[in-house]
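Participant: I'll drop the sequence and a predicted model, then ask my questions.
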Amino acid sequence: MEETHLEPRPASASRIRLAILTQPGHANAFGTIHGGVLLKLADECGAVAALRHAGRGQVATAAMDSMMFLDPVHVGERIEIVAEVSYVGRSSIETRIEILAEPYDRAEPRRVALGYALYVALDEVNRRPRPVPPLLITSDADRLALEQALARQAVRLARRAEALQTS
Ligand SMILES: CC(C)(COP(=O)(O)OP(=O)(O)OC[C@H]1O[C@@H](n2cnc3c(N)ncnc32)[C@H](O)[C@@H]1OP(=O)(O)O)[C@@H](O)C(=O)NCCC(=O)NCCS
């Protein structure tokens with residue numbers, strides 16, 4: 001079985017940072033950065049972190065949840081998205097996504113959003129879910145984080161079941 005050869009990987013191996021300078025084209029009618037722009041960047045960054053963990057192939061976004069927008073971002077600020085794997089199932093990979101913002105001219109970052117997204121690793125040939133390396137758990141902090149991630153995943157699966165029923 002392919003799964004028996006999968007070596008656990010630490011969350012840190014998947015960490016990725018993506019920064020952009022915000023422009024007027026990113027803004028909504030009120031002059032702050034459109035939430036959809038931030039969500040797109042968050043999804044892209046989360047997907048790359050999941051791909052880094054999976055090691056190859058392709059990932060599909062299965063869920064984006066709990067994205068909290070904490071503070072508006074203004075045109076003329078630099079934003080940085082930081083994503084890292086926070087939970088791994090058999091084929092599913094959750095990433096934690098944090099968004100920071102700061103004025104162009106000052107290195108004073110503040111957290112403006114935080115959320116999680118769930119990706120599924122797909123086989124390149126048949127595009128079916130495929131097994132991925134487990135997440136390396138070494139500390140009590142890792143174990144606590146795992147418990148919290150399992151609780152988030154349980155909520156997601158309940159919401160998915162509900163969505164499938166009502167569609
Ligand atoms: C995501 C997708 C590939 C899952 O395929 P599937 O055949 O339903 O796969 P399964 O039910 O076997 O689920 C595979 C894994 O993903 C998890 N999963 C699937 N959907 C999930 C969801 N909404 N929330 C949480 N976990 C989910 C399952 O629990 C399972 O986890 P595990 O392998 O770690 O145990 C499929 O639903 C899909 O293609 N969705 C559309 C994806 C897409 O187009 N995204 C971009 C639009 S924004």
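Facilitator: Everything's here; your move. Since we're looking at a predicted model, the values are computed, not measured.
Participant: with the ligand in mind, check whether the longest helix anywhere in the chain reaches it.
Facilitator: Longest helix in the chain, counting residues (DSSP state H): helix 140-166. Yes - counting by C-beta under 6 Å from any ligand atom, the ligand is contacted by helix 140-166 at 153, 156-157, 160. Where C-beta positions appear, they are placed from N, C-alpha and C, glycine not excepted.
Participant: buried stuff in that helix?
Facilitator: 145, 149, 152-153, 156 (16 or more other C-beta atoms under 10 Å).
Participant: which among these gets closest to residue 22?
Facilitator: residue 152 (29.3 Å; C-beta to C-beta).
Participant: how close does the closest one sit to residue 43?
Facilitator: As judged by C-beta to C-beta, to the nearest Å, residue 152 and residue 43 stand 17 Å apart.
Participant: returning to what we had before: now for the buried residues of helix 140-166, which pair is the farthest apart?
Facilitator: Maximum distance among the buried residues of helix 140-166 (C-beta to C-beta): 16.2 Å, for 145 and 156.
Participant: touching the ligand at all, stretch 121-136?
Facilitator: Yes - against the ligand, stretch 121-136 shows contacts by C-beta under 6 Å from any ligand atom at residue 129.
Participant: for stretch 85-101, same thing?
Facilitator: Yes - using C-beta under 6 Å from any ligand atom, stretch 85-101 comes into contact with the ligand via 89-92.
Participant: mind listing the helices for the protein?
Facilitator: 35-54, 140-166.
Participant: of those helices, which is nearest residue 133?
Facilitator: Nearest of the helices of the chain (C-beta to C-beta): helix 35-54, 6.7 Å.
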